[in-house]
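> need a 3D model of the following:
(one chain, ligands or ions: 1)
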Amino acid sequence: MDLTGRAAIVTGGGHGIGRAMAEALAGRGANVVVADVHVPRAEKVAERVGGRAVECDVGDPDAIAHVVRVAEDAFGPVDVFVSNAGFSDDPAAGVALSPDAVRRIVDVNLLAHVWAARAVLPGMIDRGEGWLVQTISSAALITGPSGMGYTLSKHGALGFAEWVALNHRHQGIHVTCLCPNAVNTGMLGRNEDDEASDAADSGLLEMLGDVVEPELCAEMTLDAMETGRFLVLPHPRVGESFLRKATDYDAWLERTNARLRRMRGEVPVSHTS
Ligand SMILES: NC(=O)c1ccc[n+]([C@@H]2O[C@H](COP(=O)([O-])OP(=O)(O)OC[C@H]3O[C@@H](n4cnc5c(N)ncnc54)[C@H](O)[C@@H]3O)[C@@H](O)[C@H]2O)c1
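Residues are numbered from 1 along each chain as shown. Predicted structure coming up:
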C-alpha cells in the first residue's frame, strides 16, 4: 500500500486517535482532510499535516457527503476513509437514556460509518481498491462498564464493518477496525491543548487498566491496513477476553456481572476471582 499522494479523510481528526491517524497518514505521504465538529482543532491539525480542515458533524449524512466532495475537489478520489469520530454516554443512565440521546449516539457512533461507506464505496469499487477504517472499541467485542448507548452503537459498528468486508472483499475493499480499550485522549479527560491534562490524572485509570497512547493505535492501524488485517487490538487482553467469552458465554456473563457490581461498590471486592 503506497499512500503517497492519495486522498484520505479522517473524521474526528482534530483530537485524540483521529489526530494521530491524520498525522500517521500524512507521514506516509497521504493528502489528509481533517473533518471535525470542532473547527479550530481541525484547522490546527490540518495545518500541521499540510491538509485541509472541514467542519463536519458525522451524525449528518449530508455533512459526510460534503466532506467527500471537498476532498475529491482538493485531492482527487478518496482512497482512505477513517471513520473515527465518536463519543460516550453516561453509564449511570442505563436504559433511561432519553430517546433523543439514544438516537444521537447511534447516529454518531454507528450510522456515520454507513454514511461514509455510502459516499466512498461505489468509487472505490470502480477503481478496484479502497480502505475503510472504523475506530470502534473493545466495547464491541466484550461489553464492559461503558454506557448502554455506547455499547449498542459500537456492537452495531462492528457488525456493519464485518458486513462490508464480507460483501466487498473480492472487489479490493479493505476494512480495518480499531478496537482499543482505554486510550489517552479527550474521552479520558485529556485536552491536547493543555499539557497538564492527562488520563493519568483522571480517576478512570484504576478502573480501566492499561491506557495506551493514540499514536500507538494509529501505527497499529496503518500496519493492519498495509498487511490487510481486519481487527486491530492495541490491548492484547481484549482478544483473550473475547475468546473466553465465545468459549463460554454464560460463565463470561456471570464473571463480568460480578466485576461490574464490585466496580459500583455493590458487593465486597474479592481477590480470588
Ligand atoms: N479514548 C478511548 O479510551 C477510546 C477507546 C475505545 C474507542 N475509542 C473511540 O475512539 C474514537 C475517537 O475518540 P478519541 O478517544 O480520540 O476521543 P477525543 O475526544 O480525543 O476525540 C474525538 C474527536 O471527535 C470529534 N467529534 C466528536 N463528535 C463528533 C461529530 N459528531 N462529528 C465530527 N467530529 C466529532 C471531537 O471534536 C474530537 O476532535 C471514538 O469513536 C471513540 O469511541 C476511544
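
> which parts of the chain are strands?
Per DSSP state E, the chain has strands spanning 7-11, 31-36, 52-55, 78-83, 130-135, 173-178, 231-232. These are given in chain order.

> and these as JSON lines, adding distance to residue 100?
Every C-beta, even on glycine, is put in place using the N, C-alpha and C of the backbone. Supplementary listing: these in JSON lines, determined by distance: least, CB to CB, whole Å:
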{"stretch": "strand 7-11", "distance to residue 100": "22"}
{"stretch": "strand 31-36", "distance to residue 100": "22"}
{"stretch": "strand 52-55", "distance to residue 100": "22"}
{"stretch": "strand 78-83", "distance to residue 100": "23"}
{"stretch": "strand 130-135", "distance to residue 100": "24"}
{"stretch": "strand 173-178", "distance to residue 100": "28"}
{"stretch": "strand 231-232", "distance to residue 100": "32"}
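
> quick one, which of those is nearest to residue 194?
Closest approach to residue 194 among these is made by strand 31-36 (17.6 Å; CB to CB).

> picking that back up, mean neighbour count and distance to residue 221 added to the strands of the chain, as JSON lines?
Formatted as JSON lines, the entries for the strands of the chain read as follows, by neighbours: other CB atoms under 10 Å; distance: least, CB to CB, whole Å:
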{"stretch": "strand 7-11", "mean neighbour count": "31", "distance to residue 221": "11"}
{"stretch": "strand 31-36", "mean neighbour count": "30", "distance to residue 221": "14"}
{"stretch": "strand 52-55", "mean neighbour count": "21", "distance to residue 221": "21"}
{"stretch": "strand 78-83", "mean neighbour count": "27", "distance to residue 221": "8"}
{"stretch": "strand 130-135", "mean neighbour count": "27", "distance to residue 221": "6"}
{"stretch": "strand 173-178", "mean neighbour count": "24", "distance to residue 221": "5"}
{"stretch": "strand 231-232", "mean neighbour count": "20", "distance to residue 221": "5"}
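
> in JSON lines, list those strands along with distance to the ligand and mean pLDDT.
Listed next are these as JSON lines, based on distance: least, CB to the nearest ligand atom, whole Å; pLDDT from 0 to 100:
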{"stretch": "strand 7-11", "distance to the ligand": "5", "mean pLDDT": "98"}
{"stretch": "strand 31-36", "distance to the ligand": "5", "mean pLDDT": "98"}
{"stretch": "strand 52-55", "distance to the ligand": "9", "mean pLDDT": "98"}
{"stretch": "strand 78-83", "distance to the ligand": "8", "mean pLDDT": "98"}
{"stretch": "strand 130-135", "distance to the ligand": "4", "mean pLDDT": "98"}
{"stretch": "strand 173-178", "distance to the ligand": "7", "mean pLDDT": "98"}
{"stretch": "strand 231-232", "distance to the ligand": "11", "mean pLDDT": "98"}
